[in-house]
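Engineer: Build me a model from this:
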Amino acid sequence: MGVRRAVIGVLPALGGGLTDLARTGQHDRLLRYDLAHYADEFDEVRYFSYFDERLEDFTADARLRAAVRLYPRRLRVGRHLYALLLPLVHRRALAECDALRVEQFTGVLPAVLARALGGVPYVVSYGYDYDAVARVRGPAWKPLYFAWLRRVAIPRAAGLILPDADLGVRLRARWPGVRALDLPNGVDAEHFAPGERAADPGGGRVVLYAGRLSVEKNLLTLVEALARVGEPDVRLVLVGDGPEAARIRARASARGVDVVLAGVVPNHAMPRHYRAADCFALPSLTEGNPKALLEAMACALPCVVSDRGGNRRLVADGETGLRVDPEDPGALAAAIGRVLRDRALAARLGKAARERVLAAYDVHRLLGAEVRFVAGCARPGR
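Structural biologist: Got it, this is the predicted structure:
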């Protein structure tokens, strides 16, 4: 009889896959960090995608190609229906897994069904306040759906991973018996590090944002703030893409703000953008544990962020950055202006921000803890 292989299944967010992650430049982060760490612990990593895609199109890493098997989408149906059908389409492959790792709570439904069909335990991340985001940019029924999904999925989970400690307190109070691990997102502080300042091709000073261009990120207010900063030669660079791109461009034109929509940049190429900036701005109306903010802090870039969600834990106001009311463009403008005018302040905030990241947010240490937790939630005998 051969030696039994330990197998972990990975389920993306609803509708997700490497194709989707590549649109935001995040696929290499998943491959180089998350899946690589799981490959260190398990003999095989199975990734169940919502796209008809191949692993070979996203990585040339021979080790990952040997350890990771990608299960592509097999039916041309909508993502919600496919979430229901996925446990049937890949029933055997799921049943052979010792545990399922669900990357985001929105993608948990196939894991719930796989548990019902084959008894496979699952561990899911509850990464941010899904209800708050749904209220900003979702249909009216979405908070009701998430309330139902919590009642169905959380009590049946073998484990929860909680990047947002405040949300963790609320979930533990509601479901005190669920095994949970408080674990923030991490950053590779060797790759994301201060370096020689990259010159901005447009000249002047740069305020940088990186992330999705969507309504909850509050970028129209950021444009308004830049119009009020009162400093010459300031350029707003937005890295990413999303449904608000056209409105941002129109508002910037109307307010006379020099804005560059840089589009999607692969995660590994982001350090040069942080090094070319004078200030990082994150004015979101809601945040979990933002990876882009961690990357900017690791690069010792002074950060101006909204006084919301996970930003409050990462940024101590006046120490590791500046926090402001995101709905007050005047306050946001004043904070950005302070950083641009006061180079000593900017340097002090940036230095303290990097020290904060080094002390608590090393991605390799955090992913090691995550993998051990998931392995501990797997079926006995793995």
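
Engineer: Give the helix, strand or coil label for Gly127.
Structural biologist: Under DSSP: H, G, I helix; E, B strand; the rest coil, Gly127 falls in the coil class.

Engineer: Skipping its backbone neighbours, what lies nearest it in space?
Structural biologist: Distances taken as C-beta to C-beta, 6 or more residues apart in numbering put Gly288 closest to Gly127, at 4.8 Å, once the chain neighbours are dropped. The way it works is simple: take the backbone N, C-alpha and C, and place the C-beta from them, glycine included.

Engineer: And stretch 255-273, end to end?
Structural biologist: One end of stretch 255-273 to the other measures 24 Å (C-alpha to C-alpha, to the nearest Å).

Engineer: what comes up buried for it?
Structural biologist: 257, 259-261, 267, 270-271, 273 (16 or more other C-beta atoms under 10 Å).

Engineer: Show me those that map onto helices.
Structural biologist: Counted as lying in helices by DSSP state H, out of those, are 271, 273.

Engineer: What count of nearby residues applies to Ala60?
Structural biologist: For Ala60, the neighbour count with other C-beta atoms under 10 Å is 7.

Engineer: okay, it: pLDDT?
Structural biologist: pLDDT recorded at Ala60 is 94.

Engineer: where does it land in three-state SS?
Structural biologist: Assigned state for Ala60: coil (three-state reduction, three-state DSSP).

Engineer: Could you check how far it is from Phe51?
Structural biologist: From Ala60 over to Phe51 the distance is 19 Å, taken as C-beta to C-beta, to the nearest Å.

Engineer: residues contacting Met53?
Structural biologist: In this structure residue 53 is Glu, not Met. 17-19, 70, 72-73 (C-beta atoms under 8 Å, 6 or more residues apart in numbering).

Engineer: Packing partners of the helix or strand of the chain with the lowest mean pLDDT?
Structural biologist: The weakest-scoring helix or strand in the chain, judged by mean pLDDT, DSSP states H and E, is helix 130-137 (a mean of 78). In terms of contacts (3 or more C-beta pairs under 8 Å, 6 or more residues apart in numbering; DSSP states H and E), helix 130-137 is packed against helix 142-153.

Engineer: what ranges do the strands span in the stretch 1-150 of the chain?
Structural biologist: Secondary structure of the stretch 1-150 of the chain by DSSP state E, counting those that start in this stretch: the strands cover 7-11, 44-48, 68-71, 99-102, 122-125.

Engineer: Quick one: closest of these to Arg235.
Structural biologist: Smallest distance to Arg235 across the strands of the stretch 1-150 of the chain (C-beta to C-beta): 35.1 Å, for strand 122-125.

Engineer: That closest one pairs with which strands, and in what direction?
Structural biologist: Strand 122-125 has the following strand partners under DSSP bridges: strand 99-102 (parallel), strand 159-162 (parallel).

Engineer: For those, please prepare CSV with the additional fields mean pLDDT.
Structural biologist: Shown next, in CSV, are those (pLDDT from 0 to 100):
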stretch, mean pLDDT
strand 99-102, 98
strand 159-162, 96
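
Engineer: Please identify the deepest-packed of these.
Structural biologist: Neighbour counts (mean count of other C-beta atoms under 10 Å) averaged over each of those peak at strand 99-102, with a mean of 26.

Engineer: what's that one in contact with?
Structural biologist: So strand 99-102 is in contact with 8-11, 38, 94, 108, 111, 114, 120-125, 158, 374-375, 377-379, 382, going by C-beta under 8 Å, 6+ apart.

Engineer: what's the distance between the residue nearest to Gly127 and Leu144?
Structural biologist: For Gly288 relative to Leu144 (C-beta to C-beta), the value is 21 Å.

Engineer: Which one of these two is surrounded by more residues?
Structural biologist: It is Gly288, of Gly288 and Leu144, that has more neighbours when counted by other C-beta under 10 Å, with 25 against 12.

Engineer: Could you look up the SS state of the more buried one?
Structural biologist: With three-state DSSP as the basis, Gly288 sits in coil.

Engineer: so it sits right up against Arg312, yeah?
Structural biologist: No. With contact defined as C-beta atoms under 8 Å, Gly288 does not reach Arg312; the gap is 11.6 Å.

Engineer: In contact with Arg341, which residues?
Structural biologist: Arg341 neighbours (C-beta under 8 Å, 6+ apart): Glu231.

Engineer: Now do it against Leu11, distance only.
Structural biologist: Arg341 sits 48 Å away from Leu11, going by C-beta to C-beta.

Engineer: go on, Gly310?
Structural biologist: 23 Å.

Engineer: So the two - more neighbours on which side?
Structural biologist: Set Gly310 next to Leu11 and count neighbours by other C-beta under 10 Å: Leu11 wins out with 29 against 26.

Engineer: Spatially nearest residue to the more buried one (excluding sequence neighbours)?
Structural biologist: Once flanking residues are discounted, Leu11 sits nearest to Val102: 4.7 Å by C-beta to C-beta, 6+ apart.

Engineer: Give me the spatial nearest neighbour of the residue positioned nearest the centre of the chain, chain neighbours excluded.
Structural biologist: By C-alpha atoms, centre = their mean, the chain has its centre lying nearest to Lys291, at 5.4 Å. Closest residue to Lys291 apart from its sequence neighbours, by C-beta to C-beta, 6+ apart: Asn185 at 5.1 Å.

Engineer: ditto for Val363
Structural biologist: Gly186 (3.3 Å).

Engineer: Count the residues that sit near the one you found.
Structural biologist: 24.

Engineer: what does the domain assignment say about the chain?
Structural biologist: Using automatic domain parsing, the domain parsing of the chain gives 7-186+363-377, 205-360.

Engineer: looking only at pLDDT, what's the mean for the last one?
Structural biologist: In this model, domain 205-360 has an average pLDDT of 96.

Engineer: Please tell me how far Arg338 sits from Ala344.
Structural biologist: Arg338 is 11 Å from Ala344, by C-beta to C-beta.

Engineer: who has more neighbours, the two?
Structural biologist: Taking neighbours as other C-beta under 10 Å, Arg338 and Ala344 compare with Arg338 leading, 17 against 7.
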